[in-house]
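Colleague: structure, please.
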Amino acid sequence: MATDTISNPTKASSFPSSSLDDVGSQSSLSQQVLPAKTGIALRLWKDQSIQIINTYGKQVVDTWAFESGDPTRHMSMEHIRARLGKISIAVGDTLISNHRTPLLTVTADTTPGVHDTLIAACDEERYAEVSVTHFLEYPLSLG
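Modeller: Now for the predicted structure:
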């Protein structure tokens with residue numbers, strides 16, 4: 001199993017929706033196993049961490065972040081590449097928004113692969129171009 005651990009060094013980041021689980025800053029998230037082609041959204045508070053485990057080791061695990069309260073401020077691969085001066089992220093790298101504010105920091109990584117910042121996350125049109133249909137078979141779970 002390959003794992004990544006990402007922490008939120010600043011303010012809360014997630015979808016700004018009251019339908020999300022609000023996990024307190026001192027509590028830990030329970031383990032949730034997501035079937036292939038599904039997703040989940042949750043609120044991550046300052047100094048809280050989330051561990052993403054790719055149980056099969058070969059699936060793409062798209063990860064995205066928004067500033068709490070303003071979905072127009074979102075994780076931006078273009079800004080991350082410019083700030084880091086490289087196309088792959090690694091332990092210690094801070095992932096920033098399109099307004100250059102820090103959203104997440106990679107704190108651990110045991111994956112054998114490379115995390116690039118070139119291919120757009122959850123890009124249905126891109127999947128269609130390579131003949132992948134129904135890339136998300138189930139609606140996004142909020143929480």
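Colleague: pull out the buried residues from the longest helix seen in the chain.
Modeller: Of all the segments of type helix in the chain, defined by DSSP state H, the longest one is helix 77-84. Neighbour counts over helix 77-84 (16 or more other CB atoms under 10 Å) mark 77, 79-81, 84 as buried. Heads up, the C-betas are built off the backbone N, CA and C, glycines and all.
Colleague: helices or strands next to the helix or strand just after it in the packing?
Modeller: Later in the chain than helix 77-84, the nearest helix or strand by DSSP states H and E is strand 88-89. Where contact means 3 or more CB pairs under 8 Å, 6 or more residues apart in numbering; DSSP states H and E, strand 88-89 is packed against strand 115-116.
Colleague: any idea of the mean pLDDT for the next helix or strand after the strand it packs on?
Modeller: Reading on from strand 115-116 to the C-terminus, the next helix or strand found by DSSP H and E is helix 124-129. Rounded to a whole number, the mean pLDDT of helix 124-129 is 80.
Colleague: which residue ranges form the strands in this protein?
Modeller: Taking DSSP state E to define them, one finds strands in the chain at 2-7, 49-54, 66-67, 70-74, 88-89, 94-96, 102-109, 115-116.
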